[in-house]
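Asker: the sequence and its predicted three-dimensional model are supplied below.
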Amino acid sequence: MTPAVQMAKKAKIPFEILEYSHDPHCAAYGEEAANVLGLAPAQVFKTLLVATDKAHPPLAVALVPVDHQLNLKAVAKCLGQKKLQMADADLAQKSSGYLVGGISPLAQKKQLPTIIDESAKQYDKIYVSAGRRGLEICLAANDLAKLCRGAFADIKTL
């Protein structure tokens, strides 16, 4: 059981775990999850870490649907920053405690500011990584926001 699943259990929120066999040759982890599990890509959210040299903490978490890209300018505005960049993979892994492709917004080693794309609110349930490649957790967007102290904003682009 991953720390993300343990966190959801401890919080006593309704959730469901979906597991699939990850193809080690696939680098599009979120899209793979949606395809293999037969889920709508708009309901499967990828967890991305962004970095700035000027903020403390220097990292933040952004969640967008797997069929969209992250709007770095929108996230920067939410965080009161002028400019952000994608965090280095090694730094993201070290900070979160999870491997790239399995980074969950839940139970990261360090609590970071978290922004969830507002499109999540239109669904009863959304899917995010449960802390391991091939493992997704399904839960209400508001429950996710509570658990990771996240805020909602329009942060996606096509």
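Answerer: That came through, no problem. Residues are numbered from 1 along each chain as shown.

Asker: let me know the pLDDT of residue 52.
Answerer: At residue 52, the model reports a pLDDT of 83.

Asker: ditto for residue 55
Answerer: 67.

Asker: please apply the same query to residue 82.
Answerer: 89.

Asker: ok, it - contacts?
Answerer: Shown in contact with residue 82 (C-beta atoms under 8 Å, 6 or more residues apart in numbering): 54, 76. Placement of C-beta: from N, CA and C, glycine included.

Asker: can you give me phi and psi for it?
Answerer: In terms of degrees, to the nearest 10, the main-chain angles of residue 82 are phi -80, psi -40.

Asker: same check on residue 57?
Answerer: phi -70, psi 160.

Asker: quick check: the gap between the closest residue to it other than its chain neighbours and residue 19.
Answerer: Nearest non-adjacent residue to residue 57, counting by C-beta to C-beta, 6 or more residues apart in numbering: residue 112, 5.7 Å away. With the distance defined as C-beta to C-beta, to the nearest Å, residue 112 ends up 26 Å from residue 19.

Asker: which one's more surrounded, those two?
Answerer: residue 112 (20 against 12; other C-beta atoms under 10 Å).

Asker: residues touching the residue nearest the centre of the chain, list them.
Answerer: By C-alpha atoms, centre = their mean, the chain has its centre lying nearest to residue 47, at 2.4 Å. Going by C-beta under 8 Å, 6+ apart, residue 47 touches 61-63, 103-105, 128-129.

Asker: now do the helices in this structure.
Answerer: 3-11, 29-37, 72-78, 89-96, 141-148 (DSSP state H).
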